[in-house]
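**Q** Would you be able to build a 3D model of this:
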Amino acid sequence: MTSQKWHQNIWPPFTQIASASPPLRVSKGKGALLIRDNGQPPLIDAISSWWVTLHGHSDPYIANAISKQAKELEQVIFADFTHAQAERLAKRLSAHTGLQRLFFSDNGSTAVEVAIKIAFQFWHNQGIERKQLIAFDGAYHGDTFGAMSVGERNIFNAPFQEMLFPVARVPWPQTWWGDDSVESREAMVLKELDRCLEKPTAAVILEPLVQGAGGMSMVRKKFLQAIEKKTREAGALLIADEVLTGFGRCGALFAFQRAGIKPDLIALSKGLTGGFLPMGVTMATEEIFEAFIGNEPELTFWHGHSFTANPLGCAAANASLDLLERKPMAYEDFESRHLPHLKDLEKHSKVQKPRLTGSIAAFDIAVEKREGYLNPIGRIFKKKVIANGVFLRPLGQVVYLLPPLCISDDQLEQCYSAIKVSLDYL
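**A** Here you go, the predicted structure:
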C-alpha cells in the first residue's frame, strides 16, 4: 500500500516508491525557477529538469514559436510529406555539425538506437563483416534495448541481461582537478582499445567529454582525439552520444567540437527543443547515407516513429537554435561563472574530485560506504538542498550543477550557498 501522497494512477520513472519521498507538485516554471503549489517557496532548478531545460522554463520566444506552428500544422506523416520547419532544422544542424543527413526520432534513447542500427546496417549493406561495438565502462545511452546494450550493465538493466547483445568494453579514464595519474590511466585504456579494435568493429560509441548519468565523469580532449585516431585507423565508425552534452552544455555548441574530433554519427535530444517537447535526431555523414540508397529494398533503413519530424517539435528546436546563435556567449562563458564558486567549494572537507566542463560542475561527497548511484548520501543531501531553495538530484555521492543558461549570478550563488550549508549538515 503506497502513501496517499503518491498519485494513485501514476508510475514515476527511476523511483522506488516504497522508500522514496513523494514528488513535489509544481504549478509553473519561469526562467530558472520552479513555482510550487500552496504558496511554498520556489526552487531553483539547478539541473535543468533532467538536463533538458536549456534557456529556462516557459521561455516566451520558444513558446510563441510553438503556438504559431500549432495554428498552421501540428502533425503530418513524414514518410510521405515534408514541411518547412523540418527542412530548416535539418539544414541548420547539418551546417553546425558538418554531417549532412538528419534522421528524426522521439528522444535520446531512440536517437542512440537509430545510430547503432545505422552503424550495423552501413556495413551489412556493403557486404562487410563488422559486428562488434565498443563502448566504455560507466556509460549510459538510454533505456531501450540497443541503448541498454551499449550502456553500463548494472541494476537498472539486470533483468534484461540475457536479451542484450554483447559489447566490447574499455575503461573510461575520468579525471578531476589535481588528478596526477590521468596520463598513465589514459595510456592503459588506449592499449585496451587497441586490443579490442583487432576484431573487425562496426563502431565505437562514447559520450564526448562528459559521461552524464555515469557520474558526470569527465575526460580530456587529448584522450578523445586518441580514440578517434585509433578508430579511424581500424576503419570503424565513431558515434557521439551528445544527448546530454549537445547544445552548449560543454562550452561549445557541441562537445565534439570542443574536443576536436569529428564523429560519423551523432545522437541529439534533451536541449534540442529547449526542453519544450520530446524529440531526437541522429546526424550521419553523406557517405553513410549513400550506403542505404539503391534499387534493392533490403538497402532501405526500415525505421520510423509516428511523430517523426513533428512540426511543433521542429518549431521549438528552430526557436532554441535562434537563441543559441544570437547569444553564444551564454554557453561559451558559463564555465567562468562556475569557476570561482567551485574553487571555493573545493576547500570543503567533504568535497572530493571537483571537475568542470562548460555549464556542468560536479564533485563527489566523501563517503565511507561503497560509492555508486545507490549510495544513500544522495537522497539525504537532496532533501537538505531543497530545504535551502535549490533542486538537485545527486547521482549517489556525485553532486552536480547543470542549470539553465538563463540562471542569474545571484541564483547561481544561491545554489552554491545551499550546497555549502547542506554539506555542513552531513
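**Q** and the residue nearest the centre of the chain, what helix or strand is that in?
**A** Closest to where the C-alpha atoms of the chain average out (Cα atoms, centre = their mean) is L244, at 1.8 Å. Per DSSP states H and E, L244 falls between elements, in no helix or strand.
**Q** Could you number the chain from 43 rather than 1 from now on?
**A** That works, and once the first residue is 43, the last one we named lands at L286.
**Q** Could you tell me what pLDDT the model assigned to it?
**A** Predicted confidence (pLDDT) for L286: 98.
**Q** ok, now how distant is it from F265?
**A** 18 Å (Cβ to Cβ, to the nearest Å). Heads up, the C-betas are built off the backbone N, CA and C, glycines and all.
**Q** With A309 instead?
**A** Using Cβ to Cβ, A309 is found at 20 Å from F265.
**Q** When the two are compared, which one has more neighbours?
**A** A309 (30 against 22; other Cβ atoms under 10 Å).
**Q** wait, that one sits on A153?
**A** Yes - counting by Cβ atoms under 8 Å, A309 does reach A153; the two are 3.9 Å apart.
**Q** Between these two, which contacts overlap?
**A** Applying Cβ atoms under 8 Å, 6 or more residues apart in numbering, one finds that A309 and A153 are jointly contacted by V285, G322, V323, T324.
**Q** got the phi/psi numbers for the second one?
**A** To tie it back to what came earlier, the one meant is G322. Main-chain dihedrals, G322, degrees, to the nearest 10: phi -130, psi 150.
**Q** try the last one
**A** Backbone dihedrals for T324, given as degrees, to the nearest 10, come out at phi -120, psi 120.
**Q** quick one, what contacts it?
**A** T324 sits in contact with L144, F145, S147, A153, V156, A157, I160, L307, I308, A309, L310, where contact means Cβ under 8 Å, 6+ apart.
**Q** Below-threshold pLDDT in this structure: ranges please.
**A** 43-46 (pLDDT under 70).
**Q** Could you break it into its assigned domains?
**A** As given by automatic domain parsing, the domain ranges for the chain are 105-368, 375-467.
**Q** out of the ones you listed, nearest to N51?
**A** domain 105-368 (20.9 Å; Cβ to Cβ).
**Q** can you give me the helices for this protein?
**A** 90-93, 102-112, 126-139, 150-167, 187-192, 224-239, 263-275, 297-301, 328-332, 353-368, 371-374, 376-387, 419-429, 451-467 (DSSP state H).
**Q** Which of those helices sits closest to G73?
**A** The nearest among the helices of the chain, by Cβ to Cβ, is helix 451-467 at 8.4 Å.
**Q** any residues touching stretch 388-408, and which ones?
**A** 216-219, 221, 251-252, 257-258, 260, 290-294, 297, 300, 373, 376-377, 380-381, 383-384, 387, 413, 419, 423, 436, 439-445, 447, 462, 465, 468.
**Q** related to what we said a few turns ago, using CSV, please lay out the helices of the chain together with distance to P54.
**A** Shown next, in CSV, are the helices of the chain (distance: least, Cβ to Cβ, whole Å):
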stretch, distance to P54
helix 90-93, 12
helix 102-112, 26
helix 126-139, 31
helix 150-167, 18
helix 187-192, 20
helix 224-239, 37
helix 263-275, 35
helix 297-301, 30
helix 328-332, 38
helix 353-368, 24
helix 371-374, 31
helix 376-387, 30
helix 419-429, 15
helix 451-467, 24
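**Q** closest one to S63 among the ones you listed?
**A** helix 419-429 (7.2 Å).
**Q** tilt between that closest one and helix 451-467?
**A** Helix 419-429 and helix 451-467 are oriented at 130 degrees to each other (axes from the mean of the first three to the mean of the last three Cα atoms, to 10 degrees).
**Q** buried set for helix 419-429?
**A** Within helix 419-429, the residues scored as buried using 16 or more other Cβ atoms under 10 Å are I419, G420, F423, K424, K426, V427, I428.
**Q** Just give me the closest of the residues you listed to A200.
**A** G420 (19.9 Å).
**Q** Check the gap between that closest one and N167 for me.
**A** Taken as Cβ to Cβ, the span from G420 to N167 is 45 Å.
**Q** Which strand residues bridge A245?
**A** Counting by DSSP bridges, A245 is bridged to L175, L279.
**Q** Could you tell me how many residues sit around it?
**A** With other Cβ under 10 Å as criterion, A245 counts 25.
**Q** so it makes contact with A278?
**A** Yes - contact between A245 and A278 holds when scored by Cβ under 8 Å: they sit 5.7 Å apart.
**Q** Common neighbours of those two, please.
**A** I176.
**Q** tell me the phi and psi of the residue nearest to E270 when sequence neighbours are not counted?
**A** Nearest non-adjacent residue to E270, counting by Cβ to Cβ, 6 or more residues apart in numbering: I303, 4.4 Å away. The phi and psi values for I303, taken as degrees, to the nearest 10, are phi -120, psi 170.
**Q** List the contacts of I303.
**A** Contacts of I303 (Cβ under 8 Å, 6+ apart): P250, L266, Q267, I269, E270, L280, A282.
**Q** and which of the contacts of T324 is nearest to L76?
**A** L310 (25.2 Å).
**Q** Show me what the closest one is bridged to.
**A** V323.
**Q** For it, the count of nearby residues, please.
**A** 27.
**Q** just checking, it touches A297?
**A** No - assessed by Cβ under 8 Å, L310 is found out of contact with A297, at 11.0 Å.
**Q** Now for those two: what residues contact both?
**A** Shared contacts of L310 and A297 (Cβ under 8 Å, 6+ apart): E284, G288.
**Q** sorry, back to before: tell me which two in the contacts of T324 are the farthest apart.
**A** I160 and L310 (14.0 Å).
**Q** circling back: top of the contacts of I303 by neighbour count?
**A** Busiest of the contacts of I303 [other Cβ under 10 Å] is A282, holding 31 neighbours.
**Q** ok so, going back, H125 versus the residue nearest to the centre of the chain, what's the distance?
**A** 28 Å.
**Q** do the same with L239
**A** For L239, the distance to H125 equals 42 Å [Cβ to Cβ].
**Q** what do you get for I422?
**A** 49 Å.
**Q** that older thread, adding distance to P54, write the shared contacts of A309 and A153 out as a markdown table.
**A** What follows is these, written out as a markdown table (distance: Cβ to Cβ, whole Å):
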| residue | distance to P54 |
| --- | --- |
| V285 | 21 |
| G322 | 22 |
| V323 | 27 |
| T324 | 28 |
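**Q** For stretch 358-376, which residues meet the burial criterion?
**A** Buried residues in stretch 358-376 (16+ other Cβ under 10 Å): A358, A359, N360, A361, S362, L363, L365, L366, A372, Y373, F376.
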